[in-house]
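Undergrad: Quick one, structure for this:
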Amino acid sequence: MSLSQIQSLRLAAVLEDCSDQLDIVGLTLTVQINREQSITSAQVCSSPAHVHNCEHLQCMSQQISELHHELEERQSFTSLQDVVELKEQEKKTEVLRREAKQDLEERKQSLRICKEEFQRKNDKLREIDWQVRDLKHQLNEQSSKIANKKKIVEKSTELQLQRTQKETMQAEELLEVQRELLHEYLKEEARIHEESEKFLQNRLEELQKQLQHWQQCTKQMLEEKEQQLNSVSCKRTVNLDRLSELRRKYRELEQVVFEDRVEQEMLRQEQEKARTAVKIQAWWRGCMVRRGLGCFKKPEDDKKGKKKEGKKKKK
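TA: Residues are numbered from 1 along each chain as shown. Now for the predicted structure:
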């Protein structure tokens, strides 16, 4: 969206002021970090919060400078919209990452439980194996004893042989039971593995469906926002046209008022000149009347002048 040159200059001035304030805050944090490092010599690095704030301020200052450059060059603020979209995408990615991490933790927990169960069964099998070995060792000992006593007591050896045969049968039965248990355990492990694979596959399909749904919702929201932006732009264009028309009418009316004032001033000056001329004429006429000059000369004065001339002639 492009802006007018005046709006771009105003926004550029505001952004320049914000950039200066951010630089001041960054310098303040740098001085504070240096002061903390100088005070606590045992501490290798400064506080992570201060470092994060400094990085955040540097990022904000860079974005503001880019926006300032864009406003001066192209009278638009697309970089700000890109930054907002990037932040929204990062938030969505962070949410997906957290959900995947939680799912992974659940899977790890289930696998840990299965591993513990497998460990317990393995321990049981080891105990049975040790028992079998012990029985074999006892069997060997008894066989050796029977071989040594065979010459002395034939009957007792026969009885001992029968007992050993019974024990060997029991050992074989125990081994068979162990084999069956091991076979069942392997079957159970295969079933658990298959169920885990099916569960993960279903979960992957659900996540893909959720991702598609979110993409559709995001696309729909973007289209709605774009329509709103277009309508607002149209309204703004119409308002700007009306504003320019009203400004033009205001200038015309202002010009008419100025011309009317000039005419009234000229008329007032002419009337003032006329009143002044009338006053001067009245004063001059009064002076001529009082002194009897010109056409306002009295007839008695003429007679007195004639009498004086006659007396002068008689003399």
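Undergrad: what's the closest non-adjacent residue to residue 171?
TA: Once flanking residues are discounted, residue 171 sits nearest to residue 135: 4.8 Å by Cβ to Cβ, 6 or more residues apart in numbering. For the C-beta atoms, the positions are set from N, CA and C on the backbone; glycine is no exception.
Undergrad: if I pick the one you found, what's in contact with it?
TA: Residues near residue 135 by Cβ atoms under 8 Å, 6 or more residues apart in numbering: 167, 171, 174.
Undergrad: Most neighbours of all those residues, which one?
TA: Neighbour counts for the contacts of residue 135 (other Cβ atoms under 10 Å) peak at residue 171, which has 17 neighbours.
Undergrad: My guess is that one contacts residue 137. True?
TA: No. Using Cβ atoms under 8 Å, residue 171 is not in contact with residue 137; the gap is 11.1 Å.
Undergrad: Quick check: the gap between residue 175 and residue 165.
TA: 15 Å (Cβ to Cβ, to the nearest Å).
Undergrad: Quickly find the element holding residue 194.
TA: helix 154-291 (DSSP states H and E).
Undergrad: elements contacting that helix?
TA: Here helix 154-291 touches helix 78-149, going by 3 or more Cβ pairs under 8 Å, 6 or more residues apart in numbering; DSSP states H and E.
Undergrad: shaky segments in the stretch 51-200 of the chain?
TA: Residue ranges of the stretch 51-200 of the chain with pLDDT under 70: 51-63, 65-81, 83, 147, 149-150, 153, 156-157.
Undergrad: rerun that using 90 as the cut-off
TA: The model of the stretch 51-200 of the chain has pLDDT under 90 over residues 51-199.
Undergrad: can you tell me which residues contact residue 142?
TA: 160, 163-164, 167.
Undergrad: Write a ChimeraX command that selects only the buried members of the residues you listed.
TA: A single ChimeraX command selects the buried members of those (16 or more other Cβ atoms under 10 Å):
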select :160,164
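Undergrad: and the contacts of residue 142 as JSON lines, adding distance to residue 295?
TA: As requested, the contacts of residue 142 are exported to JSON lines (distance: Cβ to Cβ, whole Å):
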{"residue": "160", "distance to residue 295": "187"}
{"residue": "163", "distance to residue 295": "183"}
{"residue": "164", "distance to residue 295": "182"}
{"residue": "167", "distance to residue 295": "177"}
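Undergrad: for the contacts of residue 142, which one is nearest residue 106?
TA: residue 167 (49.0 Å; Cβ to Cβ).
Undergrad: now the residue nearest to that closest one when sequence neighbours are not counted: how far from residue 170?
TA: Closest residue to residue 167 apart from its sequence neighbours, by Cβ to Cβ, 6+ apart: residue 139 at 6.4 Å. For residue 139, the distance to residue 170 equals 10 Å [Cβ to Cβ].
Undergrad: out of those two, which sits in the busier spot?
TA: Legend: neighbour count by other Cβ under 10 Å for residue 139 and residue 170, higher for residue 139 (14 against 11).
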